[in-house]
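In: Okay, here's the prediction I keep looking at, along with the sequence it came from:
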Amino acid sequence: MIRTVWRILSSIRLTLFLILSLVCVFLLGLWIPQKSVLQRDLYLQWQAQAPAAVAVLDALELTSIYRSPITLTLWGLFFLNLSLVMGQRIPVVRSRIALRADRLDDPEAAAGFPQQMQVPLPPDRGIDQVAQAVEQAGYTVLRARDRFVAVKNRLSPVANLVFHFSFFLVLLGGVISVYTRFAGTVDLAEGEAFRGDLTQYHAYPHLPQVGAPPQAQFVVERIEPEVTEGTQTGLRITLSDSGGARQIVDINRPYRTDNTSFVIRSLGVAPLIVLSDRQRRELDGAYVKLNVLNGKPDGFTMAGLEFIATFYPDHIERYGVDGTQSEEIRNPAFLLEMRKDGRLLARRVFKVGETGPIGDYRLEIREMPYWVRFYVVKERGLAILYTGFAAATTALIWRLLFYRREIIGIVRQEDGSAVLHLAGRAEFYRVLFADELQDLADAIRSPSSGS
């Protein structure tokens, strides 16, 4: 009974069945809305529209299919099957790398050795000198009386195990990454703290199937655009982490902590805008994050009014037309259009630090710090995944460049002289191996051989 279960669990048929089953699970996950991806209001709306269908899907746990017992069981069986298949390969590899006396075959009678040759030996050559010459060529030699077996790159079959194990690592790392992946974007201005709250994210993030969202906490101390000849070429951000240490982040160097990467996505300005009435009583005020550095307008609302902002980094007015001289922020100004219910009420250019009337109100831009949008990704399986790819690459290089060669030989006395009968085989590159075998025969005949 135990042997039957073992044979089933380690069979290739089970491997194919599990792969197909997992593919079906992931296809269902793409077709059926998942709770972890669907926003709560959309999920409630879907539930209200089709209560019976949603109830059935929830009961079967198909709305959280990636962490359902069925899926987790399939993954467990898959890794168990892969482990057993690898375990079956270990005795085969151990047998191949061993040098045993039963491999001391007659070259002319041995099967599977396509390369055959006979080498007449000088009078001073015997089996000892032949074995020494073969060892000098990089082979491991096992000798008995008048014959020998020699293997070059004897441990090459171990690369097969490493390659199989790399699949295990890649799959394990991929599964962990998929189940623990968190992705979202967060906009943070100078002086603003990131607390890890989901409400801080720009849009509802992709939550992990297993584990918690990023727990990182830091304060954005300073955002410094780097400008060369009027063009922004880089960005330098100084963060203060929860331990009080300062971290420097730029375009090519994300901030990494708690298995989380904060990658710079884009830069914007966050002017402090204060809106007052004609009697200078403040009605509203806020740091407004505007994505206007690419020349496109952006909007915001304040005191029930709609504003459309166009940014001029280096403001200039020519012939009554506002524009910018360069993309370098030297003389920043905003063209603000104030609207209500889609109707234009007023339009005016404000420079940073300027206060002035706009329609029936007064508006002031007190300061203009920057804000940056971070793409936040957290996943725990990347190190295992990269290790798997590195192991697979190493195994392929090992297997193809340091391929296994095997030679068997016997010294016979024929017509009063010694003749070496050789047979050889190689896993790859048989033409190159034929040349190598010929070079070895020449070395064995050489007067300096074995000296």
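Out: Structure's in. What do you need? Numbers count the residues shown, from 1 in each chain.
In: from here on, contacts and neighbour counts on C-alpha atoms
Out: Noted.
In: what sits against Phe165?
Out: Shown in contact with Phe165 (C-alpha atoms under 8 Å, 6 or more residues apart in numbering): Met86, Gly388.
In: Relative to Phe26, how far out is it?
Out: Distance, Phe165 to Phe26, by C-alpha to C-alpha, to the nearest Å: 24 Å.
In: cool, and Gly299?
Out: According to C-alpha to C-alpha, Gly299 and Phe26 sit 40 Å apart.
In: With neighbour numbers in mind, choose between these two.
Out: Taking other C-alpha atoms under 10 Å, Gly299 and Phe26 do not tie; Gly299 has more neighbours (17 against 14).
In: Next, the more buried one: secondary structure please.
Out: Three-state call for Gly299 (DSSP: H, G, I helix; E, B strand; the rest coil): strand.
In: Surely it is in contact with Val292?
Out: No: in this structure, Gly299 is not within contact of Val292 by C-alpha atoms under 8 Å, at 9.4 Å.
In: Which neighbours do these two have in common?
Out: Common neighbours of Gly299 and Val292 are listed as Ala309 (criterion: C-alpha under 8 Å, 6+ apart).
In: what's Gln209 in contact with, if anything?
Out: Gln209 neighbours (C-alpha under 8 Å, 6+ apart): Ser36, Tyr66, Arg67, Val178, Tyr179, Thr180, Arg181.
In: Out of these, which end up buried?
Out: Neighbour-count burial (16 or more other C-alpha atoms under 10 Å) applied to the contacts of Gln209 gives Tyr66, Val178, Tyr179, Thr180, Arg181.
In: Am I right that the third one is in a strand?
Out: This means Tyr179. No: applying three-state DSSP, one finds Tyr179 to be helix, outside a strand.
In: if I look at it, how far off is Arg125?
Out: For Tyr179, the distance to Arg125 - C-alpha to C-alpha - is 67 Å.
In: quick one: what helix or strand has Thr185 in it?
Out: Applying DSSP states H and E as the criterion places Thr185 in strand 182-189.
In: Now do that strand: which elements does it pack against?
Out: In terms of contacts (3 or more C-alpha pairs under 8 Å, 6 or more residues apart in numbering; DSSP states H and E), strand 182-189 is packed against strand 370-378.
In: can you give me the mean pLDDT across the strand it packs on?
Out: The pLDDT scores in strand 370-378 average 92.
In: Extract the C-alpha trace of that strand and format it as PDB.
Out: C-alpha atoms of strand 370-378 as PDB (Å, rounded to 0.1, in the frame of the first residue of the first chain):
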ATOM      1  CA  TYR A 370       7.500  69.200  -4.200                       C
ATOM      2  CA  TRP A 371       5.800  65.800  -3.900                       C
ATOM      3  CA  VAL A 372       6.800  62.500  -5.300                       C
ATOM      4  CA  ARG A 373       4.800  59.400  -6.400                       C
ATOM      5  CA  PHE A 374       6.300  56.100  -5.200                       C
ATOM      6  CA  TYR A 375       5.500  52.800  -6.700                       C
ATOM      7  CA  VAL A 376       5.400  50.500  -3.600                       C
ATOM      8  CA  VAL A 377       6.000  46.800  -4.100                       C
ATOM      9  CA  LYS A 378       6.400  44.200  -1.400                       C
END
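In: what's the angle from the strand holding Thr185 to strand 370-378?
Out: 160 degrees (axes from the mean of the first three to the mean of the last three C-alpha atoms, to 10 degrees).
In: outside of the next helix-or-strand element following strand 182-189, which residues touch it?
Out: Scanning forward in sequence from strand 182-189 by DSSP H and E, the next helix or strand is strand 193-194. Here strand 193-194 makes contact (C-alpha under 8 Å, 6+ apart) with Leu188, Gln200, Ala216, Gln217, Phe218, Val219, Val220.
In: Recalculate using a threshold of 10 Å.
Out: Residues from elsewhere that reach strand 193-194, judged by C-alpha atoms under 10 Å, 6 or more residues apart in numbering: 186-188, 200-201, 215-221, 239-242.
In: Could you please name the strands it pairs with and the direction of each pair?
Out: Here strand 193-194 is paired, per DSSP bridges, with strand 218-228 (antiparallel).
In: buried sites along the partner strand?
Out: In strand 218-228, counting by 16+ other C-alpha under 10 Å, buried: Phe218, Val219, Val220, Glu221, Arg222, Ile223, Pro225.
In: So which elements touch the lengthiest helix in the chain?
Out: Using DSSP state H to define each element, the chain has its longest helix at helix 69-97. Contact partners of helix 69-97 among helices and strands, from 3 or more C-alpha pairs under 10 Å, 6 or more residues apart in numbering; DSSP states H and E: helix 2-9, helix 12-31, helix 158-180.
In: Looking at those, which one is packed in the most?
Out: Of all the helices and strands packed on helix 69-97, helix 158-180 carries the top mean neighbour count, a mean of 20, counting by mean count of other C-alpha atoms under 10 Å.
In: avg pLDDT for that helix?
Out: Averaged over helix 158-180, pLDDT sits at 88.
In: ok, for Leu9, nearest residue in space, not its chain neighbours?
Out: In space, Leu9 comes closest to Asn81 once its chain neighbours are excluded; the distance is 5.6 Å by C-alpha to C-alpha, 6 or more residues apart in numbering.
In: what comes into contact with stretch 426-440?
Out: Contact with stretch 426-440 is made by 113-117, 119, 130, 133-134, 136-137, 151-152, 399-407, 422-425, 441-446, as judged by C-alpha under 10 Å, 6+ apart.
In: if you set the cut-off to 8 Å instead, what comes out?
Out: The contact list for stretch 426-440, computed with C-alpha under 8 Å, 6+ apart, reads Gln115, Ala133, Val134, Ala137, Leu400, Tyr403, Arg404, Arg405, Glu406, Gly424, Arg425.
In: Can you point out the buried residues in it?
Out: Ala426, Phe433, Ala434, Leu437, Leu440.
In: following the longest helix of the chain, which helix or strand comes up?
Out: Next along the chain after helix 69-97, taking DSSP H and E as the criterion, comes strand 115-120.
In: Tell me which of the buried residues of stretch 426-440 fall in strands.
Out: When these are checked against strands (DSSP state E), the matches are Ala426.
In: Could you save the buried residues of stretch 426-440 as JSON lines and add columns showing distance to Arg380?
Out: Shown next, in JSON lines, are the buried residues of stretch 426-440 (distance: C-alpha to C-alpha, whole Å):
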{"residue": "Ala426", "distance to Arg380": "42"}
{"residue": "Phe433", "distance to Arg380": "45"}
{"residue": "Ala434", "distance to Arg380": "49"}
{"residue": "Leu437", "distance to Arg380": "50"}
{"residue": "Leu440", "distance to Arg380": "52"}
